[in-house]
Structure formats: C-alpha cells, structure tokens
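K.L.:
Provided below for reference: sequence and predicted model.
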Amino acid sequence: MVNTGDMEPNITFRAIAEADFDLLHDWLSRPHVTEWWEPAPTLDEVRLDYLPRLAPQHMLPLDAPAGVVQYLACEDDVPFADIQAYRVMAHQAEGWWLDETDPSALGVDQFIGLPERLGQGCGTRLLRAFLTFLYADTRATVVQTDPAPENLRAIACFRKAGFKDVGVVETLDGPALLMRAGRNDP
C-alpha cells in the first residue's frame, strides 16, 4: 500500500488485484453507485473491465502500459472506495479528450463503495490524498475529472478538494463538467 504522507496519514492506495473483483462487483451494484455508473455489471463484466487495469503495486499511472491504474482507497486498512488514474492522451484513440496535448495530464474517476461513508467528507479527503499521491510523480502536471453536471454532490466534493470548473463538455458518455486541479494551483 502507498501512504499519502502527513496530509491524510490514514488513507492509503492499493493497486487492485483479481481477489478484489467480488468486492468491486458488490460496490458497483449498490444503488448509490448505479445512480451514476449504471447499469450494474455482472461479475464477468467486472473481470473483463478491470483485468486490463491490473498493475504492479508501485507502478505510476504515467508508466502504466494500459494507460490506467486502478486502486482501492483504504482508511485504516479498510477499503472504502474505488479510484483510478489514467493518462488522458492514452484514450484519444477511443475518442476521448481529443483536444488534450499535455502527455503528463492525468484523469481520475472514483466512487465511494460503502454507503455509510457518504456525506462525511470522505470523498474530499480521498481526492486530496489522491492528488498528493499523484503529484508525488513530478512528471504529472494536471489532474482532471468529468462528473455529470447533475451530480451536484460529486461536483461539490471536487471543488472542496481543489478542482476548478473548466466548463461543460460533450463526452462519449454525454455532457460532463470538466474540472481540473493543476500541480501549481493555489
């Protein structure tokens, strides 16, 4: 596990393993997740989707052959969230982020798997800790995310964590609010 240091000493990030697929399937089937990540996948679909995202524990997202590294976020060693970091430009062939020209730009997607952790500031702590973790790689220049414009809880969480609104963009999944947190942002 990778600890994020003094800022959030009890949040750690562990690269997912095949043994985590049942847990991820459970989380991805919960109503508070399917509201934004629908539909709930089968266990086989989870395996198919997550298998290419397996990476060695200490591999950084900018070095990942598949362009993405998937982590479990743990608080006091208990998994509570799924979070991924991806090289933005690695997904342009799929039609994503065609305007991006910075090879060191990263994107993040995440969800809190445990419903009892919602509304406690857990998401903001998670994102702040993950930004610290990602920016430990001095090559990373900016981190972006793209919540649905209707997902007001996620947008508020990203803003509290330091992300700034860029604007509503059209993605392959429909409209999204592009938000960014630069390495040197105040």
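P.N.:
Structure's in. What do you need?

K.L.:
make it CA atoms for all contacts and neighbour counts henceforth
P.N.:
Fine.

K.L.:
which ones are touching the most centrally placed residue in the chain?
P.N.:
Nearest residue to the geometric centre of the chain (Cα atoms, centre = their mean): Asp109, 2.9 Å. Counting by Cα atoms under 8 Å, 6 or more residues apart in numbering, Asp109 makes contact with Ile83, Gln84, Ala85, Thr145, Asp146.

K.L.:
shaky segments in the protein?
P.N.:
Residue ranges of the chain with pLDDT under 70: 1-9, 186.

K.L.:
number of nearby residues for Asp173?
P.N.:
Neighbours of Asp173 under the rule other Cα atoms under 10 Å: 8.

K.L.:
do you know how far it is from Gly121?
P.N.:
In this view, Asp173 and Gly121 are 27 Å apart by Cα to Cα, to the nearest Å.

K.L.:
please enumerate the strands of this structure.
P.N.:
Counting by DSSP state E, one finds strands in the chain at the ranges 2-3, 11-15, 68-75, 78-87, 105-112, 142-145, 164-171, 174-182.

K.L.:
want to try TSV for the ones you listed, with distance to Leu127 as columns?
P.N.:
Shown next, in TSV, are the strands of the chain (distance: least, Cα to Cα, whole Å):
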stretch	distance to Leu127
strand 2-3	14
strand 11-15	10
strand 68-75	10
strand 78-87	9
strand 105-112	9
strand 142-145	11
strand 164-171	13
strand 174-182	11
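
K.L.:
out of these, which is closest to Trp96?
P.N.:
Within the strands of the chain, the stretch nearest Trp96 is strand 164-171; the backing value is 7.0 Å (Cα to Cα).

K.L.:
top helix in this protein by residue count?
P.N.:
Determined from DSSP state H, the single longest helix within the chain is helix 122-135.

K.L.:
quick one: contacts of it?
P.N.:
The contact list for helix 122-135 (Cα under 8 Å, 6+ apart) reads 4, 7-8, 11, 60, 73, 112, 140-141, 143, 157-158, 160-162, 183.

K.L.:
contact partners for Ala81?
P.N.:
Each residue near Ala81 by Cα under 8 Å, 6+ apart is listed here: Leu72, Ala73, Cys74, Gln110, Phe111, Ile112, Gly113, Leu114.
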